[in-house]
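Peer 1: This is a predicted model, with the sequence first.
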Amino acid sequence: MRNFDYSPLYRSTVGFDRLFSLLDSLGQPDQSAPSYPPYNIERTGEHAYRISMAVAGFAEGDLSIEAKQNVLTVKGEQDDNTDENVEVLFRGIASRAFERRFQLADHVEVRSANLENGLLHIDLVREIPEAMKARKIEISGKTPKQIETKTKKTVSAK
């Protein structure tokens, strides 16, 4: 795999640190990245997304979801309160603690989360602020001088 040196870009740009850090981390994938619990990321609309995580055996109280500074963190911890009268012969359902982080794009907000049939669904929406949306500029056939004289006439008439 190729290694890229982003240090020249750090010297000539301001405010893109997070982008270069993400690119740098993509270039060197972590082989020990956790694969538990499995999850899907789905696009449910033009600006809507859903993360579905398989968390069989976890109750709502065992899970916590936190969104902070463009990072969504999902944690799961179960109390190991098994009945002392029950002897487990085989444990195939994982009940280990986990922490999964998702990097969110700018203006992506968590709308809701629900636990259904062992799947945790987290709904996300990207809401672009009005100031950042594209706006249509009307084209007039008047020159700046014509607009200026028209403005002066309406001001002097008042």
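Peer 2: It's in. What you see is a predicted model; the values in this text were computed from it and never measured. Residues are numbered from 1 along each chain as shown.
Peer 1: can I see the domain layout of this structure?
Peer 2: Domain segmentation of the chain under automatic domain parsing yields 1-33, 35-130.
Peer 1: okay if I get those as TSV plus mean neighbour count?
Peer 2: Quick note: C-beta positions are derived from backbone N, CA and C, even for glycine. Output for the domains of the chain, formatted as TSV (neighbours: other CB atoms under 10 Å):
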stretch	mean neighbour count
domain 1-33	10
domain 35-130	13
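Peer 1: So which residues of this structure form strands?
Peer 2: 39-43, 48-54, 63-68, 71-76, 98-103, 108-116, 119-126 (DSSP state E).
Peer 1: Output those as TSV; include the columns mean pLDDT and distance to residue 134.
Peer 2: Converted to TSV, those look like this (pLDDT from 0 to 100; distance: least, CB to CB, whole Å):
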stretch	mean pLDDT	distance to residue 134
strand 39-43	91	21
strand 48-54	93	20
strand 63-68	93	27
strand 71-76	92	27
strand 98-103	89	25
strand 108-116	92	19
strand 119-126	93	15
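Peer 1: Grab the nearest non-local neighbour of residue 128.
Peer 2: Computed as CB to CB, 6 or more residues apart in numbering, the closest residue to residue 128 that is not its neighbour in sequence is residue 107, at 5.6 Å.
Peer 1: Quick check: phi and psi at that neighbour.
Peer 2: phi 70, psi 20 (degrees, to the nearest 10).
Peer 1: Now do the contacts for it.
Peer 2: Residues near residue 107 by CB atoms under 8 Å, 6 or more residues apart in numbering: 126, 127, 128, 129, 132.
Peer 1: One more pass at 6 Å, please.
Peer 2: 126, 127, 128 (CB atoms under 6 Å, 6 or more residues apart in numbering).
Peer 1: next one: residue 114
Peer 2: Contacts for residue 114 (CB under 6 Å, 6+ apart) come out as residue 121.
Peer 1: hmm, back to that, could I get the contacts of residue 107 in TSV, plus columns for distance to residue 36?
Peer 2: Formatted as TSV, the contacts of residue 107 follow (distance: CB to CB, whole Å):
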residue	distance to residue 36
126	28
127	31
128	34
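Peer 1: If the residue lying closest to residue 119 once chain neighbours are set aside is in a bridge, with which residues?
Peer 2: For residue 119, ignoring the flanking residues on the chain, the nearest one in space by CB to CB, 6+ apart is residue 52 at 5.3 Å. For residue 52, the beta-bridge partners are residue 40, residue 121 (DSSP bridges).
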